[in-house]
Structure formats: structure tokens, C-alpha cells
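J.: Based on what follows, work out the 3D shape:
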Amino acid sequence: MSEQKLLPVPDALAGERADAGLARLMGLSRSVAADLLTDGHVLQNGKTIGKSDRLIDGAILEVTFPEVKNNLEIVASEVEGFKIVYQDEDIIVVDKPAGVAAHPSVGWDGPTVGGALLAHGIQLTTSGAHERQGIVQRLDVGTSGLMTLAKTEIAYSRLKQAFRDRAVHKVYNAVVQGHPDPFEGTFDAPIGRHPKAEFKFAVMQDGKPSVTHYSTLEAFPAATLVEVILETGRTHQIRVHFSAFRHPLLGDTMYGADPKLAARVGLDRQWLHAVKLSFEHPTKGEMVEFESSYPADLIHALEVLRGH
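T.: Sure, this is the predicted structure:
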């Protein structure tokens, strides 16, 4: 059975090619977006558009997803930049590059963490839906950095509980537009589904409790590098909170970032990286901690911001 979604075009994506804009707007791969447009599954203000047409500010896109036929299979695929940071008989910690989904989903035909692990000869077989086996946390497609997965049932159960109990320490670095005032602080604002775009999230009075702590690491003329620590783990939490307080993440046009500034620093995704991850090992009982350095695209963006 086909699925249909309606969504407005944000001003940040006005004038973008339809395939690029649709991919960024909905978290799809560029090829899936292009296929939807080529096959006539996307209407803009009631008229079919092609992949090279331009998006119009405030227009309503009507996207129809044909019936899924592949049952969300995990396909082994070598992924450039994908690293296994640590593994033992119970857990595996990976450094995920941007452009890789945590697991297969409708509308995504790009690489996945499970597929990258399969290419390394590692198959996760815990309980849960087939395409999500071993998954105890997620990182957005456009977010890079550390992510842990479970290899055994006991590790899966205990890690899931640790995330629910907020016992996992997650540290991110992000570049946000402008200069947050104060230099360090806390966003304590509930997050729920966006009322007009179901693929997005927003600060909502009836949303789930969401707490984000931040502190300034380095300030630039147009942006700020911040350290972010999450108490909760809502979908798009960091992106939503900073956007709601008028400091969207650099490159995050879905949540209001300036596309011209993103282009100037060479970014086609949000500047967001999971730099540290620590938790109690699910079977050994000892604390384990992992760190990740910035990938090349984020380093380049920083150099441009610094004027190098």
C-alpha cells in the first residue's frame, strides 16, 4: 500500500533543485528523491515536478511513496570512512560517517550501519525487527560520530535500559549560527512531532521532556562551536533545540540554517559530530569510554570559519 506525505517548502530550500531539496527535507537519499520525482510521485502546489525543477518558498509538496517491495533488507556494502572503534563478544562501537543511516527505512536506499558491518563479516542477531537488530541508539543520516550496538541479547537488553535510564553519557560538538547567549546553558523544552511536517520535530507544549546542555568552545564572526551534552535522546533533539532558540546548526537547512553560509563553508549536512560516548559495559560492569575526531568536511568548515 502506498504512503502519502504533505509538507511545506521552507524558505531555506527555496530555489533548490527538487531532487536535492526533497532529499534534505525528508532525509532521503538523493537517488530515491530523484526516482520519486522522475516517476511522477511528487507534486508541487498540485502540479507534477521533475528532479531539475526548483522548489518554491511556501509551496506544498505532495509526495507519494509506492509500496515497498524489498522488506527493508540489510545489504552488505563497503562504506568509506566507516570505522570499528571497539568490539568484544557483547558490544561493538563504530565511528559512523555522514550519509549512512543507522538502519534501513522506507525511502532510504543508501548505506546503513548494519550493511557496513556485514561487509566486515559482522551480523547482529538480537531480538527486535530484523532491520533494527542490535540497534540501541540512532544517529541521524547527516550526523557523524560514535554509535554503539549490541551483539548479544543480554547486551541489547541492558544497553537499551541504560539509555532509558539516561545512564549513557553522550557528548556532541556542533557549530551553530550566531552566538548563543549565555555562552553556556540548558534547553529544557519538550519536543514532539511538527504540526505541519510529520518528518520534522519541534518544541511542542505537549511533547516529550527534552533537556540539552551546551557550552561554548570557540566563537567565530558568524557562528559558534559548542559542546553539547544530552540528558534525553529525542529524535533531532540538538537540531530542534538550537533551531527553536534561533541558532540553527550550520548546514541544517531543514531546521532553518542559512544555505548561503553552508555553501560558503562547503557543507551539505549539519555540522554535528558525536565526539564522546561512555557507559557501563553491559556484562563486564566497568566503565568504557570512546572518542572520535572530526571528519574532513567538518574540519574544512572550521578552517573557513576561522579564515584560514
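
J.: Would you work out how far apart the start and end of stretch 4-24 are?
T.: For stretch 4-24, the first-to-last residue distance is 18 Å (C-alpha to C-alpha, to the nearest Å).

J.: my bad, stretch 246-256
T.: First-to-last residue span, stretch 246-256, C-alpha to C-alpha: 9 Å.

J.: Could you pull up the mean pLDDT of that stretch?
T.: Computed over stretch 246-256, the mean pLDDT rounds to 94.

J.: so how far is that stretch off the chain centroid?
T.: Centre-to-centre, stretch 246-256 and its host chain are 13 Å apart (C-alpha atoms, centre = their mean, to the nearest Å).

J.: buried ones in that stretch?
T.: H247, P248, L249, L250, G251, D252, T253, M254, Y255, G256 (16 or more other C-beta atoms under 10 Å). Where C-beta positions appear, they are placed from N, C-alpha and C, glycine not excepted.

J.: What's opposite the third one in the beta bridge?
T.: According to DSSP bridges, V176 are recorded as the beta-bridge partners of L249.

J.: OK, contacts around it?
T.: 174-177, 238-239, 242-243, 255, 257, 270-272 (C-beta atoms under 8 Å, 6 or more residues apart in numbering).

J.: who wins for most neighbours among those residues?
T.: Of all those, Q270 has the most neighbours under the rule other C-beta atoms under 10 Å, reaching 30 neighbours.

J.: Pull up the gap between the closest residue in space to that residue that isn't next to it in sequence and V176, please.
T.: Setting aside the residues directly before and after it, Q270 is nearest to D252 in space (C-beta to C-beta, 6 or more residues apart in numbering), at 3.8 Å. Distance, D252 to V176, using C-beta to C-beta, to the nearest Å: 9 Å.

J.: Same question for Y255.
T.: 11 Å.

J.: what stretches of the chain score poorly on pLDDT?
T.: 1-2, 67-72, 104, 106-107, 131, 198, 308 (pLDDT under 70).

J.: Repeat the analysis, applying 80 as the threshold.
T.: 1-3, 27-29, 66-76, 103-109, 125-132, 196-199, 308 (pLDDT under 80).

J.: domains for it, by residue range?
T.: Domains of the chain are assigned by automatic domain parsing as 3-65, 171-272+302-306.

J.: Tell me who's in contact with the closest residue to G178 other than its chain neighbours.
T.: Counting by C-beta to C-beta, 6+ apart, G178 lies nearest to H247, which is 5.1 Å off, once chain neighbours are set aside. By C-beta under 8 Å, 6+ apart, the contact set of H247 is V176, Q177, G178, H179, P180, T224.

J.: Identify, from these, the entry nearest to E16.
T.: Q177 (18.4 Å; C-beta to C-beta).

J.: So L61 is in contact with V42, correct?
T.: Yes. Counting by C-beta atoms under 8 Å, L61 sits close enough to V42 to count as a contact (6.3 Å).

J.: Quickly list what's touching both of the two.
T.: L22.

J.: which residues of the stretch 201-308 of the chain fall in helices?
T.: Counting by DSSP state H, counting those that start in this stretch, residue ranges of the helices within the stretch 201-308 of the chain are 237-244, 259-265, 296-306.

J.: Would you mind extracting the C-alpha trace of the shortest one into PDB?
T.: In other words, helix 259-265. The C-alpha coordinates for helix 259-265 follow below in PDB (Å, rounded to 0.1, in the frame of the first residue of the first chain):
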ATOM      1  CA  PRO A 259      22.100  27.800   2.800                       C
ATOM      2  CA  LYS A 260      24.500  30.500   1.600                       C
ATOM      3  CA  LEU A 261      26.600  30.200   4.700                       C
ATOM      4  CA  ALA A 262      26.600  26.400   4.400                       C
ATOM      5  CA  ALA A 263      27.700  26.700   0.800                       C
ATOM      6  CA  ARG A 264      30.500  29.100   1.800                       C
ATOM      7  CA  VAL A 265      32.000  26.600   4.200                       C
END
